[in-house]
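# Fold the following for me, if possible:
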Amino acid sequence: MPCAKIPFLALILLFGYPVGLAAQATRAIPGKPAQNKPVPTELITTPWILGAETADHWTGLLPTVNAPKPRARAYPGQHLTLAIGARGSDRDVLLKEGAYAFTVTFGGSATTFNGLHPSQIRGIKAEGADFAKYVMEQANVETKGLEDALSMVSLALFDLDWPVPAEARDGDAIIQGTVTTPGGKVTQLKAAHLEIWSSDRAVKEGAFRDQEEAGAWTMTYYQAPEPFRLLHALRLSKDDKSGPRPNVITFYVQVLKSSPLAAQDLMRRLSREDRVTRIYGLLLLSEAGYDLSSCLTTLPVEDHQAFQHVRTQAVSLPDPYDFSVNLDDPYQITTRMDMLWSIFLATGDQKPVRAIADTLAWREEGKAVLDLRRSGKKIEGITPGLLHGLAYGAGGWSLGSFVRNHGLVADFVEAWKRDPKTPAVIKEELGTLITNEAFKPK
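Numbering: from 1, shown residues only. Coordinates of the predicted model:
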């Protein structure tokens, strides 16, 4: 029997994986049809509000991706993308051929966009689809065409040229829309609501309970950016006994770079903060490239002196993309990997993740380190090969962790595995992220 004809659920059970995991791989297929019964092609009339950055996140990916996280809240200066879904065998055609109109109402004014067409259409993977596909690949089962079988919904993206006003007050933005099919049928979409927080509300109500909550915020930041809450993170960070770490500083700097409005707001508020927070904030703003002249005029003279002294004494952030070996600092490469992950978490950008994936080219050095670990022998000396081997293991371990917990990283990896420009050794290693012994913690 050809492998492609065996249901993927049966394959997972055949290979001995727990029923719970198999159920996870199939339970969330939206609109899953009954046996041999096709799903009618139809629009899903509830829109999703996404950040405009979603379109950038999907650049260069395969036609089928993991679902993005809908936005429930937005802040001044942020742009939006609207997503409309459809199910059924001809869903992409239905989404592509419609003419769309949307109206955004906020603060007593309305902005209408007529005659819109999707900027892109993507199939959305069922929950657990990446794992199911990985299991089949490890068993050398043909997976060609599996993406279509594991996706029953598509999303069409619409770039709305509507930013949240810079001086927005707290309120509720309402997005209403219609779809007109080529035959002239008009479908009214359900209204989508988005809570708008002003900078004042973010400062008043956006505090974190503790470092743990702030840490969780950073791990999903790119999915729902909240730059005006950065001040609360700085207040907590100043009490961190380990001191500012390069990856933490990198994250904060990327957040400030991504939102000039939040950076300007931070400058206006620093004068009301304690001195440590003021100096820390100034250093981050300086690292992000902002002109601090107007901010410094609001601060005591001694702050100017302290800031200049600390900035002079502080070591500049290294280039996170520079993976050169430093025998005097065995942790240099892994420190820069942490910085690259911070860039991804702040922006959702593919470039830093690809830089980490490129360390998998050091496979031979990685195998040597694994053999050394298995032997139980002590390391006799630090060499470039040893550091490359350790970087290979750290890169594979962190990629595997992010693939399991971040659908976007899983989508990156799948695209690189299909990209003819990806070196063969990296493709092969990307296919072993979950099972490779070298990528498991000691």
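# which intervals of the stretch 51-200 of the chain have sub-threshold pLDDT?
Residue ranges of the stretch 51-200 of the chain with pLDDT under 70: 139, 142-149.
# ranges for the strands of it?
Counting by DSSP state E, counting those that start in this stretch, the stretch 51-200 of the chain has strands at residues 64-65, 73-74, 79-87, 99-106, 109-116, 120-124, 153-163, 171-180, 186-188, 192-196.
# Tell me which of those sits nearest to Asp419.
Evaluated over these, closeness to Asp419 peaks at strand 64-65, with 15.1 Å, by C-beta to C-beta. (Each C-beta comes from the backbone N, C-alpha and C, glycine too.)
# So what are the sheet partners of the closest one and their directions?
strand 120-124 (parallel) (DSSP bridges).
# Could you tell me the angle between the strand it pairs with and strand 79-87?
60 degrees (axes from the mean of the first three to the mean of the last three C-alpha atoms, to 10 degrees).
# can you start the count at 6 instead of 1 from here on
All right, first residue 6 from here; so that's strand 125-129.
# just how off-centre is strand 125-129 within its chain?
Centroid separation for strand 125-129 versus its chain: 17 Å, with C-alpha atoms, centre = their mean, to the nearest Å.
# Extract the CA atoms of that strand and return them as CSV.
C-alpha atoms of strand 125-129 as CSV (Å, rounded to 0.1, in the frame of the first residue of the first chain):
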residue,chain,number,x,y,z
GLN,A,125,-1.9,37.3,0.5
ILE,A,126,-3.8,34.1,1.3
ARG,A,127,-2.4,31.4,3.5
GLY,A,128,-3.7,28.0,4.5
ILE,A,129,-3.8,27.6,8.3
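# got the contact list for that strand?
For strand 125-129, the surrounding residues in contact (C-beta atoms under 8 Å, 6 or more residues apart in numbering) are 35, 60, 63, 66, 68-72, 90, 97, 100-101, 152-153, 156, 158-162.
# Just the buried subset of the residues you listed, please.
63, 66, 69-72, 90, 97, 100, 152, 156, 158-162 (16 or more other C-beta atoms under 10 Å).
# how near is Arg234 to Gly294?
21 Å (C-beta to C-beta, to the nearest Å).
# out of these two, which sits in the more crowded spot?
The neighbour count for Arg234 versus Gly294, taken as other C-beta atoms under 10 Å, is higher for Arg234 (22 against 10).
# and the gap between the more buried one and Arg92?
When Arg234 is compared with Arg92 (using C-beta to C-beta), they lie 36 Å apart.
# same thing with Ile384?
Relative to Arg92, and taking C-beta to C-beta, Ile384 is found at 56 Å.
# ok, so of the buried ones among the contacts of strand 125-129, who is nearest Phe111?
Leu162 (20.7 Å).
# bridging residues for the closest one?
Ala88, Gln125.
# these two touch, right, it and Trp53?
No - between Leu162 and Trp53 there is no contact under C-beta atoms under 8 Å: 9.4 Å.
# intersection of neighbour lists for those two?
Common neighbours of Leu162 and Trp53 (C-beta under 8 Å, 6+ apart) are Leu87, Ala88.
# which residues sit against the longest helix along the chain?
Looking across the chain with DSSP state H, the single longest helix is helix 389-410. With contacts defined as C-beta under 8 Å, 6+ apart, helix 389-410 is touched by 135, 328, 330, 332, 335, 338-339, 342, 346, 358, 361-362, 364-365, 367-368, 370-375, 384, 414-415, 418, 434-435, 437-439, 441, 443-446.
# quick one: Asn441 from Asp343, how far?
21 Å.
# Could you list the domains of this protein?
As recorded under automatic domain parsing, the domains making up the chain are 8-38+47-201, 205-318, 337-444.
# Serialize these to a markdown table and add fields for distance to Asp324.
A markdown table is the format used below for these (distance: least, C-beta to C-beta, whole Å):
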| stretch | distance to Asp324 |
| --- | --- |
| domain 8-38+47-201 | 23 |
| domain 205-318 | 11 |
| domain 337-444 | 8 |
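# Burial-wise, tell me which of the ones you listed comes out on top.
Neighbour counts (mean count of other C-beta atoms under 10 Å) averaged over each of the domains of the chain peak at domain 337-444, with a mean of 18.
# distance between the ends of that domain?
19 Å (C-alpha to C-alpha, to the nearest Å).
# now stretch 291-311
14 Å.
# And the contacts of it?
Under C-beta under 8 Å, 6+ apart, the answer for stretch 291-311 is 254, 258, 261-262, 265, 268, 272-273, 275-276, 280, 283-284, 287, 290, 312, 316, 322.
# residues touching the closest residue to Val208 other than its chain neighbours, list them.
Closest residue in space to Val208, ignoring its immediate chain neighbours: Leu236 at 6.1 Å, by C-beta to C-beta, 6 or more residues apart in numbering. Going by C-beta under 8 Å, 6+ apart, Leu236 touches Val208, Leu271, Arg274, Glu278, Thr282, Gly286.
# Tell me the secondary structure at Leu236.
Of the three states, Leu236 takes helix according to DSSP: H, G, I helix; E, B strand; the rest coil.
# Return the distance of stretch 328-336 from the chain's centre.
On C-alpha atoms, centre = their mean, the centre of stretch 328-336 falls 28 Å from that of its chain.
# Just say helix, strand or coil for Pro249.
Once three-state DSSP is applied, Pro249 turns out coil.
# wait, what's in contact with the closest residue in space to it that isn't next to it in sequence?
Spatial nearest neighbour of Pro249, excluding adjacent residues (C-beta to C-beta, 6+ apart): Ser242 at 6.9 Å. Neighbouring residues of Ser242 by C-beta under 8 Å, 6+ apart: Pro249, Val253, Tyr257, Tyr285.
# Sort out which of the residues you listed are in helices and list them.
Per DSSP H, the subset of the contacts of Ser242 in helices is Val253, Tyr257, Tyr285.
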